[in-house]
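Asks: Fold the following and give me the result.
(chains A, B, C and D)
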Number of protein chains: 2
Amino acid sequence: MLAKNNNQVQILPMKTAKKRTSDKKITLVDVADASGVSAITVSRVINQPEKVSESLRIQVQKAIDSLGYIPNQHASSLASSKSKVIGVAIPSLSNIVFTEVLRGIYEVMGAAGYKVLLVDTHYSPLEEEKMVRTLLSQSPEGLIITGGDQTKACQNFLHKARIPIVQIMELLADPIDMNVGFAHGRAGFDVVKHLLGQGYERIGFIGARMDPRVQQRMQGYKLALEQVGKFEKNYIVTTPEPSSIGVGGDLFKSLMASTNGIVDAVFCVNDDLALGALFEAQRMNIRVPQDMAICGFNDIEAAEYVNPSLTSVSVGRYEMGVKASEMIIRVLNEKPIDSKKVDMGYEIKKRASTSRI
Amino acid sequence: MLAKNNNQVQILPMKTAKKRTSDKKITLVDVADASGVSAITVSRVINQPEKVSESLRIQVQKAIDSLGYIPNQHASSLASSKSKVIGVAIPSLSNIVFTEVLRGIYEVMGAAGYKVLLVDTHYSPLEEEKMVRTLLSQSPEGLIITGGDQTKACQNFLHKARIPIVQIMELLADPIDMNVGFAHGRAGFDVVKHLLGQGYERIGFIGARMDPRVQQRMQGYKLALEQVGKFEKNYIVTTPEPSSIGVGGDLFKSLMASTNGIVDAVFCVNDDLALGALFEAQRMNIRVPQDMAICGFNDIEAAEYVNPSLTSVSVGRYEMGVKASEMIIRVLNEKPIDSKKVDMGYEIKKRASTSRI
DNA sequence: CCTGCTAATGATAGCGCAATCATTGAGCTT
DNA sequence: AAGCTCAATGATTGCGCTATCATTAGCAGG
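Replies: Residues are numbered from 1 along each chain as shown, chains lettered A, B, ... in the order given. Next up is the predicted model:
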C-alpha cells in the first residue's frame, strides 16, 4: 500500500497489507522489485528480450506472470512516442463491403502487432473530420481512411500528421499520401457494355445512398449509354436512403411503374439492391433473365448461389484491406513501396441473371 | 525549436526557425504560451470549459484552432487514468451478427464520448486471452466481450481489472460482471416445436462453426425431438468450418444423401446456412415448404425477401449492443442498473418456408 | 474594516514507461 | 599485461498531461 504523494504525515496501515495482491495496479517497478532487477531491465524483457540474458529474462518473466502484470500502453506510448495504433475510418459498420476490408486490415495489422482503432463516419465528411481528430489524438502510427471526400480542415490535419495514410476504396486524382482502390466509373461503364452485349436495350439504374463511389458508377453507366444513344434520364431511380434488399425491391417497383415496364435490364449499384430487385421481379412474375436482366455490384456470396445466379462486379475487398495495411507497415519499417497508388481492379462475374443468350 | 534535453552545449539554429509552423508537435504548453495563460488553464478549456472565464476561454480556443492543436490522449490518460476507451472483443468481423451488435455499441459509445477498441478473437479462447491482454493494456474504462468461454487466465485478468464488463450474446450462469444475451437453447427448442406444429416429422439439423451458442441451439433441438421420441442422430449434419451460403448448400446435399431424402424439415443454425439449403433445394427440385421446411436463425434481411420467405429466429442484435453499452455507461457514471443480467429474448418469425398448412 | 467565502487562475508534482548515457565485467587482441 | 571491444545492466530524465493544492481578487455580511 503506497503512501499518497502529498506531504502530510501518513499513518500507514499495518504491514499485513503488504502481501495483498490485486489491489493496486501493478507497474513495471513492482515487477522490477519482485524480481530484483531494475525497471529498465523489465522493460527490455518485454520489448527487446534479446538484449537480456536468458537467466534474467526467465526470472523476470516469472515475476510478470505471477503478478499478472500488464504494461500500461499510455505510459509506453508517451515515453516512446510509438503507439502501435493504426486508425481506420470507414463510412458504415453495417455494410459488408467495409467489414471485409476491415477483416483484411485486422489480419495484417494484428499479425504485425498493431492495434486498430476503428471509427464510423456515417458517410459524412463533417463526422469524418471529428473522427479523424479523435484518431489523431491517439497518436496513431498510420491511418486508413475511406475515399477522398474530406473537409478542408480534415485534409489539413492529415497533412500535418506526418504519418503514412492510405485512402482506400476509390482511385483518387490527388491523394493525401497513398491510395488503394479501383475505378468505379469504369466498372459501371463495363457493366453496361456487358448488358448491351447480351442484347438488352433499355437499361435502367437503381441506386441508393449515392455516396461518391456510387455516383462514379452511375457516371460510367450514363457514359456508356450515351455513347450508343440509349441513355434515358427516367431510367434512373435513386434514393438517399441506405441500401437494403427492401429498398432494392421498392426501387425496382418504382422503376417498373415509372417506365411502364419497358426497361429490360437494371444495373443495381450493389448486390443488396440487386437481390431486392430480383426477388421483387420474381414476385411480379417477370422472368429473369428472359424478360429482365439484373446486375449487381460487389459480388457478395449470395450472388453466386441465388436462383438465377446474379451477375455482379467482384472486387477484392479483403485484399484491399490487406494491401493498404501492408503499404503502411512497409513505410513504417522504412521499406520501399512499389507505388503510392494501387489499382486493385475488378471483374464482372457474368452469371445467369444477365445471360439471355 | 527546443534544445535537446541533455547537458551538452547546444548550438541553437538561427531564430528564423522559431516561427515555423507544423514541424514540431504542438503541445499544451505551446498553446499556453501562444495565448499567454498557464498550461493548466488550457487543459481546463478543453476538459472543463465551465471553469474558465469566457474571455480567457475564447482567447485560448483561438490559439488552439490557429495552431491546430490536438491533445495527446496518451499523456492525458496517463495523468488522469481515464482513457475514454471501451474494449470490445468479438469472435468474427465477417459475421453480420456481430457487426450489428457493434453498430449498437458504436452508436451509444460514440455519443457518450468513448472510443471503441475492437479486437477479433477468431472464435478462439486462446486468441481471446491474448486480445484481452491487449485491450487491458490500453486501460479501457469498460469491456464488452462475447460469451463465457474464456480461459482461466483470461478470467483472472478480467476479475482483476476492476472495470465494468459485459458479456454479450448468450445468457451465462456465472457472469464475470454483467451479462446481456438470450437463451439459445430455448430458441432451438422452440424452433423444433414450431416445425412439429406445422406437421413436419423428420427434422434435420445443419450446423457450422459449432461455437458454444450454436451448440446450445443444437441441444435445444435435440431435447425437443427427444421429448416426442423423434430424435435421430443421423439427422444432424455439422462442420467446424465457418458458416456460409455455400456450406449451407453442401451440408443440405449431404443431409439429403445420408438420409436418403427422408428428412422433411431442416433447422439451420443460421440464415446463411438456411439460404444455402434453400437455394440448393430449389436446384434439386425439392419444393419448399411442401416437401421440405427450412428454418434459419438470426433473421437477416434476406430472410424476409427471399422466395419463399424464410422462417427465422429474430434477435435484437443492435439492441443488444446498445443495452450492453448503456449498462457500462451507467456504471461508469455511478448510476444504478436494473439488473446485472438482461435477457433480450427472441422471436420466431414464421414465414412461408415452414408453413405447409 | 475585517472575516469568510467563492470563482478564477497558477505552481508543482507526478502518472508509468523508455531513450539516453553510464557503468561493469568479460573476453579478445597484440 | 595493457588496451580494446562488446554484451549486459542500471541511473537518470522527461514524454505531455492533469490532480492537487495554493494563491489571488472580488464581494457579501456584520
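
Asks: What residues of stretch A:134-152 count as buried?
Replies: Of the residues in stretch A:134-152, A:134-150 count as buried by neighbour count, 16 or more other CB atoms under 10 Å in any protein chain shown. Just so you know, the C-beta spots here come from the backbone N, C-alpha and C atoms, and that holds for glycine as well.

Asks: again with stretch A:326-338
Replies: Here stretch A:326-338 shows A:326-329, A:331-332 as buried, counting by 16+ other CB under 10 Å.

Asks: Show the residue spans covered by the strands in chain A.
Replies: A:85-90, A:115-120, A:142-146, A:165-170, A:178-182, A:203-208, A:236-239, A:265-268, A:293-295, A:312-314, A:341-343, A:347-349 (DSSP state E).

Asks: could you say what helices and strands the last one packs with?
Replies: Counting by 3 or more CB pairs under 8 Å, 6 or more residues apart in numbering or on different chains; DSSP states H and E, the packing neighbours recorded for strand A:347-349 are helix A:184-197, strand A:312-314.

Asks: Of the strands of chain A, which is nearest B:Leu126?
Replies: strand A:115-120 (18.4 Å; CB to CB).

Asks: residues in contact with the closest residue to A:Ala32 other than its chain neighbours?
Replies: The shortest distance from A:Ala32 to any non-neighbouring residue, by CB to CB, 6 or more residues apart in numbering or on different chains, is to A:Ala39 (4.4 Å). Contacts for A:Ala39 were tallied using CB atoms under 8 Å, 6 or more residues apart in numbering or on different chains; they are A:28-29, A:32.

Asks: just these now: which is nearest DNA strand D?
Replies: A:Ala32 (7.5 Å; CB to the nearest atom of the strand).

Asks: What is the neighbour count of the closest one?
Replies: A:Ala32 has 19 neighbours, counted by other CB atoms under 10 Å in any protein chain shown.

Asks: do A:Glu54 as well
Replies: By the criterion of other CB under 10 Å, A:Glu54 has 8 neighbours.

Asks: now A:Thr259
Replies: When neighbours are counted by other CB under 10 Å, A:Thr259 registers 15.

Asks: contacting residues for it?
Replies: By CB under 8 Å, 6+ apart, the contact set of A:Thr259 is A:202, A:204, A:234-235.

Asks: For those, which entry has the maximal number of neighbours?
Replies: A:Gly204 (28 neighbours).

Asks: That residue contacts A:Thr238, correct?
Replies: No - with contact defined as CB atoms under 8 Å, A:Gly204 does not reach A:Thr238; the gap is 10.9 Å.

Asks: my guess is A:Val85 meets A:Gln138, correct?
Replies: Yes - counting by CB under 8 Å, A:Gln138 is a contact partner of A:Val85 at 5.3 Å.

Asks: Between these two, which contacts overlap?
Replies: Counting by CB under 8 Å, 6+ apart, the contacts common to A:Val85 and A:Gln138 are A:Leu117.

Asks: just to revisit the earlier point, want to throw the contacts of A:Thr259 into JSON lines with pLDDT and distance to DNA strand C?
Replies: As requested, the contacts of A:Thr259 are exported to JSON lines (pLDDT from 0 to 100; distance: CB to the nearest atom of the strand, whole Å):
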{"residue": "A:Arg202", "pLDDT": "97", "distance to DNA strand C": "65"}
{"residue": "A:Gly204", "pLDDT": "98", "distance to DNA strand C": "59"}
{"residue": "A:Asn234", "pLDDT": "95", "distance to DNA strand C": "62"}
{"residue": "A:Tyr235", "pLDDT": "97", "distance to DNA strand C": "61"}
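
Asks: List the ones among those residues that fall in helices.
Replies: Counting by DSSP state H, no part of the contacts of A:Thr259 is found in helices.

Asks: Put together TSV for those, with distance to DNA strand D on each row.
Replies: Converted to TSV, those look like this (distance: CB to the nearest atom of the strand, whole Å):
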residue	distance to DNA strand D
A:Arg202	60
A:Gly204	54
A:Asn234	56
A:Tyr235	55
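
Asks: A:Ile245: which of those is nearest?
Replies: The shortest approach to A:Ile245 among the contacts of A:Thr259 belongs to A:Gly204, at 17.6 Å (CB to CB).

Asks: which stretches of the stretch 51-200 of chain A aren't confidently modelled?
Replies: Counting by pLDDT under 70, not a single residue of the stretch 51-200 of chain A qualifies.

Asks: all helices for it, in order.
Replies: Here the stretch 51-200 of chain A has its helices, by DSSP state H, counting those that start in this stretch, at A:54-67, A:73-80, A:96-111, A:125-137, A:152-161, A:184-197.

Asks: is the longest one anywhere near chain B?
Replies: Just to be clear, that refers to helix A:96-111. Yes - applying CB under 8 Å from any CB of the partner chain, one finds helix A:96-111 touching chain B at A:96, A:99-100, A:102-103, A:106, A:110.

Asks: which one of those sits closest to A:Leu196?
Replies: Of all the residues of helix A:96-111 next to chain B, A:Leu196 sits closest to A:Ile96, with 28.9 Å by CB to CB.

Asks: what are the phi and psi angles of the closest residue to the closest one other than its chain neighbours?
Replies: Nearest residue to A:Ile96 in three dimensions, chain neighbours excluded: A:Ile300, at 6.0 Å (CB to CB, 6+ apart). Dihedral pair for A:Ile300: phi -70, psi 170, per degrees, to the nearest 10.

Asks: if I look at A:Ile300, how far off is A:Glu100?
Replies: 9 Å (CB to CB, to the nearest Å).

Asks: Tell me the residues of the stretch 1-150 of chain A that contact DNA strand C?
Replies: The stretch 1-150 of chain A comes close to DNA strand C at residues A:5, A:25, A:27-29, A:39-40, A:43, A:46-47, A:71-72, A:75-76, A:78-80, A:82, as judged by CB under 7 Å from any atom of the strand.
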